[in-house]
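Colleague: build me a model from this:
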Amino acid sequence: MKTLILGSGGREGALVRALSVTTARSDLFAAPGNPGMRDVATLIDLDPLDADAVAAWCGEHDIDLCVIGPEAPLVAGVADTVRAAGIACFGPSRAAARLEASKAFAKDVMESAGVATAACLVCRSEDEVAAALDRFGAPYVVKDDGLAAGKGVVVTEDRDGALAHGRACVAGDGQVVVEEFLDGPEVSLFCLCDGHTVVPLSPAQDFKRVFDGQRGPNTGGMGAYAPLSWIDADLVDRVVAEVAEPVVAEMARRGTPFTGLLYCGLALTSRGVRVVEFNVRFGDPETQVVLPLEGERVGELLWRAATGTLADAPARGDNTPGAAVTVVITNEGYPGPLTRPGEVIGGLDEAAQVEGVYVIHAGTAERDGEIIATGGRVLNIVATGDTLEQARERAYRAVAAIDVPGSHYRGDIARVQAEA
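Modeller: Below you'll find the predicted structure:
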C-alpha cells in the first residue's frame with residue numbers, strides 16, 4: 001500500500017515508523033517530513049495545508065492512503081479535497097474536525113450525546129469571563145475556544161492570571177470556555193472511527209507541565225507512557241460505550257460523520273469519568289507510546305478506518321512490547337520563546353544503540369550535514385520493554401546520551417503514575 005503521511009512533527013514520525021514495519025521505503029512518503037524520517041520514508045516538498053496540491057500529488061503518484069497528522073490541515077478541509085479526488089484518507093472532514101477546532105462546539109455535541117464533561121460557560125467578553133470565574137471558583141480553568149497547539153489552556157489558582165488569559169482569548173470578537181475544575185488523574189484514549197464503528201487503542205498518560213512534579217506552565221506534552229496498570233479493567237469499554245460511540249452517532253445524526261482518530265482526553269474524577277477535551281487526530285507524545293503496542297496492524301487499522309471497514313479490523317498480535325515510554329527533549333525557553341534555536345544535536349547514534357530504544361525527531365532540521373534543534377519539542381526518546389520499569393530505565397539511559405546545548409527534559413516521566 002502506497003501511503004502519504006502529512007506533517008513534520010513527532011506524531012508524524014511515530015506514524016511513519018509504525019507504518020514502516022509493513023511498508024517499504026519506496027511506498028512510504030512524508031510531506032514535508034523531517035530528517036528523522038529519511039531512513040524509512042521518502043520526503044516530499046509539499047505543503048500539508050495546500051489541499052489541491054496534496055490531492056493532485058496523491059493522484060499523480062497512485063497513493064492508496066493519505067494520513068493527515070496535524071490538526072490544522074484537518075480544520076482547513078484537506079481531507080475533504082483528498083476524498084473528493086477518490087483517494088482514501090485517514091482524518092475527519094472540515095465539518096467533523098470542529099470537535100477540536102471549537103471547544104464550544106464539542107461541548108454542544110457532548111450535551112446532545114449525553115456525554116459527561118465539565119460544566120462550562122462560553123464567554124465573549126471580559127465581564128462574562130469574570131462572572132464565570134467567580135461562578136466556578138479556583139482552580140480556574142480557561143480554554144481558548146480555537147486551536148492553540150496544546151498551549152491554549154490555563155489551569156491556575158491565580159484569578160488575575162486566569163482573567164488575563166480569558167481577556168486575550170475574547171479580544172477581536174473571539175470566545176473562550178471557562179469551566180469547572182476536574183479533579184483526578186488524566187488519561188488519553190485514542191479511538192479509531194470509520195463513521196459508525198469504534199476501535200480503541202491502548203490508553204496512555206501524558207505529562208503536560210514543563211517541570212517535574214507537575215510544576216510550570218502547560219506544554220504540548222513532555223512525555224508519556226502506556227499501558228496504564230492502575231486503571232479499572234473495564235475503563236476502555238465504558239469510555240467506548242459512554243463517550244466515543246455516542247459522539248460518533250451524534251455526528252452522524254448531524255450529517256457530519258466522523259472518520260479518523262477521536263482523541264478522548266479524560267479525567268478520572270471522584271464523581272466518575274469526565275471528558276476534558278476531544279482532539280481529532282493522534283495526540284503527541286502519546287502516539288509515540290501507543291503505536292508500538294499495536295504491532296504490525298497499524299497500517300491496516302488506518303486503512304479500514306478510512307474505508308469504512310473497521311468492523312473487520314484485526315486483533316492485536318501477541319508479539320508486541322509490554323510497555324513503552326517516551327521522554328521529550330525540548331529547546332531552551334520552551335514552551336515560551338526559544339532562546340537557543342539552531343544548536344547542533346549530538347549523541348543520536350549512541351542513544352539509538354540502547355536496547356529497545358529509537359529516536360523520533362520532532363523539531364529538527366539538517367544544516368551542513370548536521371542535525372540541529374529548531375523547534376520547541378526537539379526529540380522524542382522512545383523505549384519499549386517487557387515492563388514499564390524496563391522501558392523507563394532504557395529511555396532515560398538513552399536521554400543521557402543526547403547532547404542538545406541548553407535543552408531540558410522531565411526526569412519523572414512514567415514515575416509519577418496517575419498524577420500526570
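Colleague: please report how far Phe282 lies from Ala53.
Modeller: Distance of Phe282 to Ala53, given as C-beta to C-beta, to the nearest Å: 23 Å. For every residue, glycine as well, the C-beta is placed using N, CA and C.
Colleague: so those two - more neighbours on which side?
Modeller: Between Phe282 and Ala53, counting by other C-beta atoms under 10 Å, Phe282 is the more crowded of the two (26 against 15).
Colleague: tally of neighbours for Glu366?
Modeller: Around Glu366 there are 12 residues (other C-beta under 10 Å).
Colleague: show me where the stretch 151-300 of the chain has its helices.
Modeller: In order along the chain, the stretch 151-300 of the chain carries the following helices (DSSP state H, counting those that start in this stretch): 159-170, 235-239, 245-253, 286-290, 298-307.
Colleague: biggest strand in this protein, by residue count?
Modeller: Counting residues, the longest strand found in the chain (DSSP state E) is strand 259-269.
Colleague: Pro185 is nearest to which of the helices of the stretch 151-300 of the chain?
Modeller: For Pro185, the closest of the helices of the stretch 151-300 of the chain is helix 235-239, at 11.4 Å, according to C-beta to C-beta.
Colleague: follow-up on the earlier one: report the rounded mean pLDDT for the longest strand of the chain.
Modeller: Averaged across strand 259-269, the pLDDT comes to 97.
Colleague: which ones are touching Ala79?
Modeller: By C-beta atoms under 8 Å, 6 or more residues apart in numbering, the contact list for Ala79 reads Ile68, Pro73, Cys89, Gly91, Pro92, Ser93, Arg94, Ala97, Gly260.
Colleague: inside strands: which ones of those?
Modeller: Within these, residues falling in strands by DSSP E are Ile68, Cys89, Gly260.
Colleague: and the buried ones among those, selectable in PyMOL?
Modeller: The buried subset of the ones in strands among the contacts of Ala79, as determined by 16 or more other C-beta atoms under 10 Å, is captured in PyMOL by this line:
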select buried, resi 68+89+260
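Colleague: Serialize the ones in strands among the contacts of Ala79 to a markdown table and add fields for distance to Gly114.
Modeller: Below are these laid out as a markdown table (distance: C-beta to C-beta, whole Å):
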| residue | distance to Gly114 |
| --- | --- |
| Ile68 | 29 |
| Cys89 | 30 |
| Gly260 | 22 |
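Colleague: out of the ones in strands among the contacts of Ala79, the closest to Pro405 would be?
Modeller: Using C-beta to C-beta, the ones in strands among the contacts of Ala79 come closest to Pro405 at Ile68, 34.1 Å.
Colleague: give me the number of residues near the residue nearest to the closest one when sequence neighbours are not counted?
Modeller: Once flanking residues are discounted, Ile68 sits nearest to Gly91: 3.7 Å by C-beta to C-beta, 6 or more residues apart in numbering. With neighbours defined by other C-beta under 10 Å, the count for Gly91 comes to 28.
Colleague: re the thing from before, so which elements touch the longest strand of the chain?
Modeller: Strand 259-269 is packed against strand 88-90, strand 186-194, helix 235-239, strand 272-279, helix 298-307, with contacts defined by 3 or more C-beta pairs under 8 Å, 6 or more residues apart in numbering; DSSP states H and E.
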